[in-house]
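Visitor: Take a look and give me a structure for this.
(2 chains)
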There are 2 protein chains.
Amino acid sequence: MRLFQRDLRRRGIRAALIVSRVATHWLTGFRGTASFTVVPSRGEPTFLTDFRYIETARASLAGMRIVEQAQGAGEQIARLLARHTGERLALEGCLPHDQWLWARRLLPPGARVANATLILSALRAVKSEPEITAIRRAVRVGDAIFQDAIPWLRRRLRRGALTESEVARWLRREFEERWGEGPSFPPIVATGANSALPHATPGNRPIRTGHFLLLDFGLVLSGHCSDMTRTLVIGKPSRRQRQTYEIVLEAQLAALGAVRAGVRARDVDGAAREVIRRAGHGDRFGHGTGHGVGLEIHEAPRIASTSKERLQAGMVITIEPGIYLPGFGGVRIEDMVVVRRGGADILTQSPKELISL
Amino acid sequence: MRLFQRDLRRRGIRAALIVSRVATHWLTGFRGTASFTVVPSRGEPTFLTDFRYIETARASLAGMRIVEQAQGAGEQIARLLARHTGERLALEGCLPHDQWLWARRLLPPGARVANATLILSALRAVKSEPEITAIRRAVRVGDAIFQDAIPWLRRRLRRGALTESEVARWLRREFEERWGEGPSFPPIVATGANSALPHATPGNRPIRTGHFLLLDFGLVLSGHCSDMTRTLVIGKPSRRQRQTYEIVLEAQLAALGAVRAGVRARDVDGAAREVIRRAGHGDRFGHGTGHGVGLEIHEAPRIASTSKERLQAGMVITIEPGIYLPGFGGVRIEDMVVVRRGGADILTQSPKELISL
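Guide: Here you go, the predicted model:
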């Protein structure tokens, strides 16, 4: 909250109206669905919420004036903002357009509107050490699940047919067992030709000898997301499988090696892309190399050829190049890392050699 | 899709650009995250998606032209819409404002913009029979979970301390076991004073004799949501507990009795509210009586004192009045129903007498 208020002052913005769930969570710690926070650039913010949440808010939030909202809350918000006639105020650009129009009408006459989402997204990209600790815990759980997945998969494959959906269900159950709040995104479990689809939906496709098995999953723990991908092979890998895997691994290591505070995000992407291009698969790596992770599974910064940002110390990002060969299968290897001054602090600790089941 | 195109024609709208995930799912069946659908009021829609989804889209979507999007897709969309210079076009009002501005810039000069979200929300509120069947299946699974919850809760309570969080975790695991796609919202498990918070977060609060235990949960099955609430009591109910429960049940039955195609949604709300008011708890029922349910857990229509709509045959709604007494506890009873010409077709089949554990 203090970082945000300082940023507002620096930009000459007098107050911000915060409505979205994730911004509210990041700024105040409140995780309910219905609240409005009016943040002046100086002084105490006002937190409005309704009947359903007011008792929780009163008990758990500090440093803010807590107010129970009347029907719709509009008049209360307009009153709080009325002193800022003609000044610069911020609304979130990530609001549904209908809601943005509603919020816009609450601003006093002559207000000039800045985009609070852009400001918050830049602030949120750089994590505090407690946030990094929370993310590290979520990543550790992901690693532990992957470690258990190997013997479980071997056992199940020995017993007969196993489908992508069954593996996805097992993953989801593990997220629960290990005290997560559920998946950070629907797990991707893809085998055979399906693994050549970067965002495949798990189906009733049996996992067969001779194919890749791509697992891309993450969970939410205390509100923080994890994200990892490993690609396994069923049976002894073919020469082509081994070569494809090694190119992706080399690309991933190259991108990891390029991570360091101060470098351009697009140069990290370039490091992975160059390895894949040189190996003749330049057109089979159709997505970016990574993205920020935090309260949301996709946050700033993007690690892509079109990224304009530079990496900053404290950013938490994924590094996940891949090669997708239609009809043959795909390989992706993904770690989460903290950007540090000296390089990448790799959070994901699962092994990266090609595991065959 | 045909209903939507007919509605566009009726409103003099020449085309709509669809971006949101839920509208895309409802209109096309596609469930990926990144796509754009340009729907002309007559003729074949064009579906654009990226590298990650294009193969799935080609294999699974019919009746649309499938196009792989180039970087950003903006130019392709603008070209498709260019023939509609000066005409009425629809964008979704539920888009993030930033995205709405991006989409607005793709429209040809002089385009007048209608709100596709409002049009779709009214269409989606009235379910087809296949949709009702899908929702009924999700509700059945919820009923089955509740039926299993009773002996499980009894067994666990006999064995000693049981917390809200443990019950919530058990519920989530059941959603998985029964082939759901996970919860339709984070399950609410609230006991003691926590049950007086309509949207309580499950915590490490032990479930103790003499208290209410409120379970509000639902799951997603084949993309369709269920939602139900039952309030139990631990041990023999006190007189005050029994009375509170009976008022809520009477209010719920009154609202169910008022449901029928053609009635005003606010009269259904009024039927429940009147019972609670007459019993002296008018100020302890601070939320609406219900909401539509479908692909999303909260859809049109709202059943509240401020609702303007009339119920239509085929709408699927919740009926969920409650009384919340701070420091004492809360009771809510919630069923899902299909609005029919003759009255309410109640989907939820779990018993509604006060169950003591």
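Visitor: which SS state does A:E296 fall under?
Guide: Following DSSP: H, G, I helix; E, B strand; the rest coil, the label given to A:E296 is coil.
Visitor: List phi and psi for it.
Guide: When read as degrees, to the nearest 10, the backbone of A:E296 gives phi -110, psi 150.
Visitor: Quick check: which element contains the residue nearest to it when sequence neighbours are not counted?
Guide: Excluding the flanking residues, the one nearest A:E296 by C-beta to C-beta, 6 or more residues apart in numbering or on different chains is A:V22, at 5.8 Å. Backbone N, C-alpha and C define where each C-beta goes, glycine included. Secondary structure assigned from DSSP states H and E places A:V22 in helix A:21-28.
Visitor: In whichever helix or strand comes after that helix, which residues are buried?
Guide: Next in sequence after helix A:21-28, counting helices and strands by DSSP H and E, comes strand A:35-40. Neighbour-count burial for strand A:35-40, counted by 16 or more other C-beta atoms under 10 Å in any protein chain shown, picks out A:S35, A:F36, A:T37, A:V38, A:V39, A:P40.
Visitor: Spell out the secondary structure type for the closest residue to chain B within the stretch 151-300 of chain A.
Guide: Residue nearest to chain B within the stretch 151-300 of chain A: A:G286 (3.5 Å; C-beta to the nearest C-beta). Secondary structure assignment for A:G286 (three-state DSSP): coil.
Visitor: Wait, it touches B:F51, no?
Guide: Yes. Assessed by C-beta atoms under 8 Å, A:G286 is found in contact with B:F51 at 3.5 Å.
Visitor: Those two: who's more crowded?
Guide: B:F51 (18 against 14; other C-beta atoms under 10 Å in any protein chain shown).
Visitor: Tell me the span between the first and last residue of stretch A:43-60.
Guide: 20 Å (C-alpha to C-alpha, to the nearest Å).
Visitor: Report whether that stretch contacts chain B.
Guide: Yes. Using C-beta under 8 Å from any C-beta of the partner chain, we find that stretch A:43-60 touches chain B at A:D50, A:F51, A:R52, A:Y53, A:E55, A:T56.
Visitor: So what's the residue count around the residue nearest to A:I119 when sequence neighbours are not counted?
Guide: Once flanking residues are discounted, A:I119 sits nearest to A:D7: 5.5 Å by C-beta to C-beta, 6+ apart. Neighbourhood size, A:D7 [other C-beta under 10 Å]: 18.
Visitor: okay, A:D7: pLDDT?
Guide: A:D7 is assigned 96 on the pLDDT scale.
Visitor: Now do whichever strand or helix holds it against helix A:21-28: the angle between them, please.
Guide: Taking DSSP H and E as the criterion, A:D7 maps to helix A:2-10. Per axes from the mean of the first three to the mean of the last three C-alpha atoms, to 10 degrees, the angle that helix A:2-10 makes with helix A:21-28 is 100 degrees.
Visitor: for helix A:2-10, the distance to its chain's centre please.
Guide: For helix A:2-10, the separation from the chain centroid amounts to 24 Å (computed by C-alpha atoms, centre = their mean, to the nearest Å).
Visitor: helices or strands up against that helix?
Guide: With contacts defined as 3 or more C-beta pairs under 8 Å, 6 or more residues apart in numbering or on different chains; DSSP states H and E, the packing partners of helix A:2-10 are strand A:15-18, strand A:35-40, helix A:116-125.
Visitor: then the shortest one to PDB, C-alphas only?
Guide: Looking back up the chat, that one is strand A:15-18. The C-alpha trace of strand A:15-18 is given here as PDB (Å, rounded to 0.1, in the frame of the first residue of the first chain):
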ATOM      1  CA  ALA A  15      -6.300   9.100  -5.400                       C
ATOM      2  CA  ALA A  16      -7.200   5.700  -6.800                       C
ATOM      3  CA  LEU A  17     -10.400   3.600  -6.700                       C
ATOM      4  CA  ILE A  18      -9.500  -0.100  -6.400                       C
END
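Visitor: Within its sheet, name the partner strands of that strand and how each one runs.
Guide: strand A:35-40 (antiparallel), strand A:88-91 (parallel) (DSSP bridges).
Visitor: Which secondary structure state does A:A103 sit in?
Guide: A:A103 - assigned by three-state DSSP - is helix.
Visitor: So it is in contact with A:P96, correct?
Guide: No. In this structure, A:A103 is not within contact of A:P96 by C-beta under 8 Å, at 10.2 Å.
Visitor: At which residues are the helices of the stretch 151-300 of chain A located?
Guide: Secondary structure of the stretch 151-300 of chain A by DSSP state H, counting those that start in this stretch: the helices cover A:164-177, A:239-258, A:265-278.
Visitor: And stretch A:48-67, end to end?
Guide: 5 Å.
Visitor: sorry, back to before: mind putting the helices of the stretch 151-300 of chain A into a markdown table with distance to B:G110 and mean neighbour count?
Guide: A markdown table is the format used below for these (distance: least, C-beta to C-beta, whole Å; neighbours: other C-beta atoms under 10 Å in any protein chain shown):
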| stretch | distance to B:G110 | mean neighbour count |
| --- | --- | --- |
| helix A:164-177 | 48 | 20 |
| helix A:239-258 | 46 | 19 |
| helix A:265-278 | 38 | 21 |
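Visitor: nearest to B:A251, of those helices?
Guide: helix A:164-177 (34.6 Å; C-beta to C-beta).
Visitor: Quick check: residues of the stretch 251-357 of chain A near chain B?
Guide: A:G286, A:H287, A:T306, A:P326.
Visitor: same thing but 7 Å
Guide: A:G286, A:H287, A:P326 (C-beta under 7 Å from any C-beta of the partner chain).
Visitor: Disregarding residues adjacent in the polypeptide, which is nearest to the last one?
Guide: Meaning A:P326. In space, A:P326 is closest to A:A196, 5.2 Å off (C-beta to C-beta, 6+ apart).
Visitor: I'd like the distance between that neighbour and A:V19.
Guide: According to C-beta to C-beta, to the nearest Å, A:A196 stands 40 Å off from A:V19.
Visitor: hmm, back to that, show me what counts as buried in the helix holding A:D7.
Guide: In helix A:2-10, counting by 16+ other C-beta under 10 Å, buried: A:F4, A:Q5, A:D7, A:L8.
Visitor: related to what we said a few turns ago, any chance of a markdown table for the residues of the stretch 251-357 of chain A next to chain B, columns pLDDT?
Guide: Converted to a markdown table, those look like this (pLDDT from 0 to 100):
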| residue | pLDDT |
| --- | --- |
| A:G286 | 85 |
| A:H287 | 91 |
| A:P326 | 88 |
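Visitor: for those residues, which one is nearest B:V139?
Guide: Closest approach to B:V139 among these (C-beta to C-beta): A:H287, at 38.2 Å.
Visitor: The closest one contacts B:R52, doesn't it?
Guide: Yes. Under the criterion of C-beta atoms under 7 Å, A:H287 makes contact with B:R52 at 6.4 Å.
Visitor: which bits of the stretch 101-250 of chain A sit near chain B?
Guide: Close to chain B, as judged by C-beta under 7 Å from any C-beta, the stretch 101-250 of chain A has residues A:T117, A:R169, A:R172, A:R173, A:E176, A:G182, A:L197, A:P198, A:H199.
Visitor: on that earlier part again, and for A:H287 and B:R52, which residues touch both?
Guide: A:P198 (C-beta atoms under 7 Å, 6 or more residues apart in numbering or on different chains).
Visitor: for A:Q252, what are its contacts?
Guide: Taking C-beta under 7 Å, 6+ apart, one finds A:A272, A:I319, A:P321, A:I333 in contact with A:Q252.
Visitor: count of residues packed around the third one?
Guide: It stands for A:P321. Residues lying near A:P321 (other C-beta under 10 Å) number 29.
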